[in-house]
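J.: The following comprises the amino acid sequence and a computationally predicted model.
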Amino acid sequence: MKAVVCSKFSSIDDLQYGDVEPPKLGPGQVLIEVRACGVNFPDILMVQGKYQVLPDLPFCPGGEVAGIVTAVAEGVSRVAVGQKVMATIFWGGMAELAVASEFSIVPIPDGMDFLTASVFQGGHTSAYFALKQRGQLQAGEILLVLGAAGGIGLASVQLGKAMGARVIAAASSDEKCRAAQANGADEVINYSEVSLKDRVKELCDDRGADVIIDPVGGDLFDLATRCVNYNGRILVVGFASGRIPKYAINLALLKNCALIGVNYQAFFTKERAHVEENFSELMEMYRLGQIEPKIDKEFSLQEGASALNYVYKRKAIGKVVVSVCK
């Protein structure tokens, strides 16, 4: 089969496209003919050898896929051959065939295409876990979304509105701010042009945001720690800026605020009942038109490295997809 392969932890440009042996099914697993693969920042960190959990080499990047079930292992009962599904697999998606655990499979609902299904889980499931379980966002609270035009960012904007929050979206350009506003943000801040801290305080009557979701890290995190309200929560999702920041813990003491880690992979593995409950609620929001992944750009499988570089260079406004089998 054709695939994008990482043979050593290195730069994205060292990825290779070519023929590899198809994956073999293990107990409780399902084989999927991949139609589309969503691209996420953790894919890049895995290729670079910087992610907290690393696959054995060689591997194919790509942690979320949509496609058609072509085979199931003995004993699998929840999934049938021929079924259209989406799956969270963490790696292995940039290939014509991918293996997923039975419990990670979700049927694609009527009316949802493969491209949308391939990016639904990586952004919205992570953002919802962050806002619901970790941040415990309440209706009427103020949510500040950093990196608001990325996959996690736009999902957070949509979900914040669906959950009844007032959403302030912060992004690095006017174009990205317009995208966040089009997805429901009540106010936007171009932090390349104005002081994030001063503008948040102005919009919040000098109080700060109740919940801050940060997939960026670096300097933006440093600024955000000065933008949180009393009893606020700062949600650490990732470090797209490339720098893992340090937290001045006296700020937590002064504001009685909490710095909260968001590890969706651990949640996905350890809290299956809540994972399925969340997904059911997300599908209802999708049915009601409250949330919808926004696809910025589509790449072919042969262009898999280019797709990763597009996300790495922070060009994406929304989600990026690699189309595989037509």
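T.: Looks like it arrived, so ask away.

J.: all helices of this protein, in order?
T.: Assigned by DSSP state H, the helices in the chain fall at 41-48, 114-120, 126-129, 151-162, 174-182, 196-203, 218-224, 250-255, 264-270, 272-287, 304-312.

J.: Return the most buried member of these.
T.: Among the helices of the chain, the stretch with the highest mean neighbour count (mean count of other C-beta atoms under 10 Å) is helix 151-162, at a mean of 29. The way it works is simple: take the backbone N, C-alpha and C, and place the C-beta from them, glycine included.

J.: for that one, packing partners?
T.: Counting contacts by 3 or more C-beta pairs under 8 Å, 6 or more residues apart in numbering; DSSP states H and E, helix 151-162 packs against helix 126-129, strand 142-145, strand 166-171, helix 174-182, strand 319-323.

J.: Please identify which of the ones you listed is closest to residue 63.
T.: Taking C-beta to C-beta, helix 126-129 is the member of the helices and strands packed on helix 151-162 nearest to residue 63, at 10.5 Å.

J.: pLDDT wise, what is residue 326 at?
T.: In this model, residue 326 is scored at 61, pLDDT.

J.: circling back: nearest to residue 297 among the helices of the chain would be which one?
T.: Among these, helix 304-312 comes nearest to residue 297, with 6.3 Å by C-beta to C-beta.

J.: about what we covered before: residue 6 is nearest to which of the helices and strands packed on helix 151-162?
T.: Smallest distance to residue 6 across these (C-beta to C-beta): 14.2 Å, for strand 319-323.

J.: Okay, angle between that closest one and helix 41-48 too, please.
T.: If you take axes from the mean of the first three to the mean of the last three C-alpha atoms, to 10 degrees, strand 319-323 sits at 60 degrees to helix 41-48.

J.: strands paired with strand 319-323, and their directions?
T.: Strand 319-323 sits in its sheet next to strand 29-39 (antiparallel), strand 295-300 (parallel), going by DSSP bridges.

J.: so of the ones you listed, which one's packed in deepest?
T.: Highest mean neighbour count of the strands paired with strand 319-323: strand 29-39, a mean of 26 (counted as mean count of other C-beta under 10 Å).

J.: I'd like to know how far residue 287 sits from residue 119.
T.: Here residue 287 is placed at a distance of 17 Å from residue 119 (C-beta to C-beta, to the nearest Å).

J.: Just checking the distance from stretch 249-258 to the centre of its chain.
T.: Relative to its chain's centre, stretch 249-258 lies at 27 Å (C-alpha atoms, centre = their mean, to the nearest Å).

J.: For residue 225, list the residues it contacts.
T.: Residues in contact with residue 225, defined by C-beta atoms under 8 Å, 6 or more residues apart in numbering, are 234, 247-248, 251.
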